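Student: I'd like to go over a predicted model; first the sequence, then the structure.
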Number of protein chains: 4
Amino acid sequence: MFSMTITPRFYETDAFGHINNIVIAGWFEAARAPIFRIFSPHFDIKQISLILARVEIDYVAQTHYGHDVLMMTTIERIGNSSFIVAQEAIQKGVVVAKGKAVQVYFDHHTQKSGPIPEVYRRELEAHVVASVS
Amino acid sequence: MFSMTITPRFYETDAFGHINNIVIAGWFEAARAPIFRIFSPHFDIKQISLILARVEIDYVAQTHYGHDVLMMTTIERIGNSSFIVAQEAIQKGVVVAKGKAVQVYFDHHTQKSGPIPEVYRRELEAHVVASVS
Amino acid sequence: MFSMTITPRFYETDAFGHINNIVIAGWFEAARAPIFRIFSPHFDIKQISLILARVEIDYVAQTHYGHDVLMMTTIERIGNSSFIVAQEAIQKGVVVAKGKAVQVYFDHHTQKSGPIPEVYRRELEAHVVASVS
Amino acid sequence: MFSMTITPRFYETDAFGHINNIVIAGWFEAARAPIFRIFSPHFDIKQISLILARVEIDYVAQTHYGHDVLMMTTIERIGNSSFIVAQEAIQKGVVVAKGKAVQVYFDHHTQKSGPIPEVYRRELEAHVVASVS
């Protein structure tokens, strides 16, 4: 399980006075950085062999400016060429948003998606958490 | 059905050389503006009685800088207190992303979600498109 | 002189209820796209030989959601290896922001800034407007 | 002097492979949060009595994904109704951007700018650093 703390920025609010929903999609991407790093240890971003195929976000409660947000990230399931990331954003002890992201392994040599190499798969497996919901 | 044309901006690209996935979530929100306007004809944003409960986005193909993107927006289904918006982003004739958004009617007086008033429901119904997929 | 119309997006507002100041910096960048295109007619973004060295923005009035913004862009002055872009954002007939951007010509072969090639310089000169202020 | 550490996010890069210039304007705003807090100790954002009148940013070097950025913020000068914030973004020991922001005190009761109240002025003065450049 990966965790990251995000301090909301003023420009991330919207006219409703809370953090805008789109921003939270961005925070979830930011919180997936440790997963990107698995696939590119030297963090050469152009070499990251991952494509985002799908996201789902449930906005459970309003997210406010002025209080940090804890982002929790786990691997939910690993398929042949893709895996599902499950994430939560927690502010003041309350889950404010839940997200899922389907990441597909992309082979830059063949320019196609393909099976996740064993070396990466093993690292991902260390972060699989048995889903409770 | 609502349509809107978006011209990708340079700062909306990312290091992969394409439009970033988060930005497309933002475009979908932008393309829902005519729906917000149904609920607030004078566009007094703080009075818009809609909460975003959930989004889903399928990233079908890469979106590029340098070519306009057509955003198509329909109402997929109307429930008692919420409705589902279905959207597509189309670039050079190709669907690059598909999105769904669950919008909930929020009554500012009671500070709770509640049944969608009949006057808004009728306007939404005019934009329901029988789903083909 | 280049002009571009921008429709403010809801996620571009902030908790003050107006368009956030950072967003306007983004709109100015978006409105410089025709200048980027001079330096890369085929709009191959990675080949654009321009670096942004400096921006200045004066926020003159509040920018509101719900009304289009006209972006006006001219070339103020052309130096040896750089030029100054002067821009205005106008909403409902009122100048809401003024911006300047110093763009430097960057030669990808030498990996250094250098004199603006004559072919680009001539195109830029067509957009120089005698400053009145 | 205020300092804040920013971890660049992937969606903050652009097609040039670095952090986009607009994003850095956003980071400078984020790094001014301790100043906003002086004017609103309870961080009630809608009550913050500050308007941004002007920003200047010099982009000195490229900012990269994968390495933290240290934001340094000082008060450069305090006038009657406004003050100048001077900021630097530093990555791997190198100043990558310098910024100035002119913040104006805005009285919500009179709906006009006005003299900075003494209580806030004293707090600001504690962060004035004699400019060397």
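Tutor: That came in fine, so what should we check first?
Student: look up how far A:Arg54 lies from the closest residue to A:Ala30 other than its chain neighbours.
Tutor: Among residues not flanking A:Ala30 along the chain, D:Arg9 sits closest, at 4.1 Å (Cβ to Cβ, 6 or more residues apart in numbering or on different chains). In this view, the C-beta of every residue, glycine as well, is placed from N, C-alpha and C. D:Arg9 sits 20 Å away from A:Arg54, going by Cβ to Cβ, to the nearest Å.
Student: about what we covered before: the residue nearest to A:Ala30: neighbour count?
Tutor: 20 (other Cβ atoms under 10 Å in any protein chain shown).
Student: what of A:Ile116?
Tutor: Neighbour number of A:Ile116 under other Cβ under 10 Å is 22.
Student: please report phi then psi for it.
Tutor: Note on A:Ile116: its backbone torsions stand at phi -70, psi 120 [degrees, to the nearest 10].
Student: do the same with A:Met72
Tutor: According to degrees, to the nearest 10, A:Met72 has phi -110, psi 130.
Student: quick one: residues contacting it.
Tutor: Going by Cβ atoms under 8 Å, 6 or more residues apart in numbering or on different chains, A:Met72 touches A:Met1, A:Phe2, A:Ser3, A:Ala31, A:Gln87, A:Glu88, A:Ile90.
Student: how about the nearest residue to the last one, chain neighbours excluded?
Tutor: Okay, so that is A:Ile90. Per Cβ to Cβ, 6+ apart, closest to A:Ile90 is A:Leu70, 4.5 Å.
Student: and if you look at the fourth one?
Tutor: Using Cβ to Cβ, 6+ apart and skipping residues adjacent in sequence, the residue nearest A:Ala31 is A:Met71, 3.7 Å away.
Student: packing partners for the helix or strand bottoming out on mean pLDDT in chain A?
Tutor: Scoring the helices and strands of chain A by mean pLDDT, DSSP states H and E places strand A:112-113 at the bottom, with a mean of 90. When contacts are defined as 3 or more Cβ pairs under 8 Å, 6 or more residues apart in numbering or on different chains; DSSP states H and E, strand A:112-113 packs onto strand A:94-107.
Student: quick check: can you name the pairing partners of the strand it packs on and their directions?
Tutor: strand A:50-59 (antiparallel), strand A:82-91 (antiparallel), strand A:112-113 (antiparallel) (DSSP bridges).
Student: give me the neighbour count for the residue nearest to A:Glu125 when sequence neighbours are not counted.
Tutor: Once flanking residues are discounted, A:Glu125 sits nearest to A:Ile78: 6.6 Å by Cβ to Cβ, 6+ apart. Residues lying near A:Ile78 (other Cβ under 10 Å) number 16.
Student: in chain A, what spans have low per-residue confidence?
Tutor: A:41, A:43, A:130-133 (pLDDT under 70).
Student: let's see 90
Tutor: Across chain A, the ranges flagged by pLDDT under 90 are A:16, A:39-49, A:106-112, A:129-133.
Student: return the backbone torsion pair for the residue most central in space within it.
Tutor: Residue closest to the average C-alpha location in chain A (Cα atoms, centre = their mean): A:Arg32, at 3.6 Å. Phi and psi for A:Arg32, reported as degrees, to the nearest 10, are phi -90, psi 0.
Student: show me what contacts it?
Tutor: With Cβ under 8 Å, 6+ apart, A:Arg32 has these contacts: A:Thr73, A:Val85, A:Gln87, A:Ala101, A:Gln103.
Student: same check on A:Ile6?
Tutor: Taking Cβ under 8 Å, 6+ apart as the test, what A:Ile6 contacts is A:Trp27, A:Ala30, A:Ala31, A:Asp68, A:Val69, A:Leu70, A:Met71, A:Ala89.
Student: out of those residues, which are inside strands?
Tutor: Of the positions in those, A:Val69, A:Leu70, A:Met71, A:Ala89 sit in strands, assigned by DSSP state E.
Student: which residues touch the first one?
Tutor: With contacts defined as Cβ under 8 Å, 6+ apart, the neighbours of A:Val69 are A:Thr5, A:Ile6, A:Thr7, A:Pro8, A:Trp27, A:Thr63, A:Ala89, A:Ile90, A:Gln91, A:Val96.
Student: D:Thr110 versus the residue nearest to A:Glu125, what's the distance?
Tutor: Distance of A:Ile78 to D:Thr110, computed by Cβ to Cβ: 61 Å.
Student: returning to that earlier point: okay but the residue nearest to A:Glu125 is in contact with A:Arg121, surely?
Tutor: Yes - counting by Cβ atoms under 8 Å, A:Ile78 sits close enough to A:Arg121 to count as a contact (6.3 Å).
Student: identify the bridge partners of the closest residue to A:Ile6 other than its chain neighbours.
Tutor: Leaving aside its sequence neighbours, A:Ile6 sits nearest to A:Val69 (Cβ to Cβ, 6+ apart; 4.6 Å). Beta-bridge partners for A:Val69, by DSSP bridges, are A:Ile6, A:Gln91.
Student: now do A:Val69 against A:Phe36, distance only.
Tutor: 20 Å.
Student: before we move on, what about A:Asp14?
Tutor: A:Asp14 is 27 Å from A:Phe36, by Cβ to Cβ.
Student: repeat that for A:Ser3.
Tutor: For A:Ser3 relative to A:Phe36 (Cβ to Cβ), the value is 16 Å.
Student: same thing with A:Phe83?
Tutor: Relative to A:Phe36, A:Phe83 is positioned 13 Å away (criterion: Cβ to Cβ).
Student: settle it for me: which of these two has more neighbours?
Tutor: A:Phe83 (24 against 18).
Student: ok, that one - contacts?
Tutor: A:Phe83 touches A:Ile75, A:Glu76, A:Arg77, A:Val102, A:Gln103, A:Ile116, A:Leu124, counting by Cβ under 8 Å, 6+ apart.
Student: ok, and the most crowded of those residues?
Tutor: A:Gln103 (24 neighbours).
Student: isn't that one up against A:Ile35?
Tutor: Yes - here A:Gln103 reaches A:Ile35: they are 7.2 Å apart, a contact under Cβ under 8 Å.
Student: overlap in contacts, the two.
Tutor: Shared contacts of A:Gln103 and A:Ile35, counting by Cβ under 8 Å, 6+ apart, come down to A:Leu50, A:Val85.
Student: what strand or helix carries A:Pro34?
Tutor: helix A:33-39 (DSSP states H and E).
Student: and that helix, what's buried?
Tutor: By 16 or more other Cβ atoms under 10 Å in any protein chain shown, the buried positions in helix A:33-39 come out as A:Ala33, A:Ile35, A:Phe36, A:Ile38, A:Phe39.
Student: which residue is the nearest non-sequential neighbour of the first one?
Tutor: Closest residue to A:Ala33 in three dimensions, ignoring its sequence neighbours and counting by Cβ to Cβ, 6+ apart: D:Phe10, at 6.7 Å.
Student: list the contacts for that neighbour?
Tutor: Applying Cβ under 8 Å, 6+ apart, the residues near D:Phe10 are A:Glu29, A:Ala30, A:Ala33, A:Phe36, A:Ile45, B:Asp14, B:Ala15, B:Asn20, D:Tyr65.
Student: which of the residues you listed ranks first by neighbour count?
Tutor: Neighbour counts for these peak at B:Asn20, which has 26 neighbours (criterion: other Cβ under 10 Å).
Student: distance of the closest residue to that one other than its chain neighbours from B:Val94?
Tutor: Counting by Cβ to Cβ, 6+ apart, B:Asp14 is the residue found nearest to B:Asn20 once chain neighbours are left out, at 4.0 Å. Separation of B:Asp14 from B:Val94 (Cβ to Cβ) stands at 20 Å.
Student: repeat for A:Phe39
Tutor: Taking Cβ to Cβ, one finds A:Phe39 at 27 Å from B:Val94.
Student: do A:Val102 as well
Tutor: Counting by Cβ to Cβ, the separation of A:Val102 from B:Val94 is 20 Å.
Student: residue contacts, the residue nearest to A:Ile90?
Tutor: With Cβ under 8 Å, 6+ apart, A:Leu70 has these contacts: A:Ser3, A:Met4, A:Thr5, A:Ile6, A:Ala89, A:Ile90, A:Gln91.
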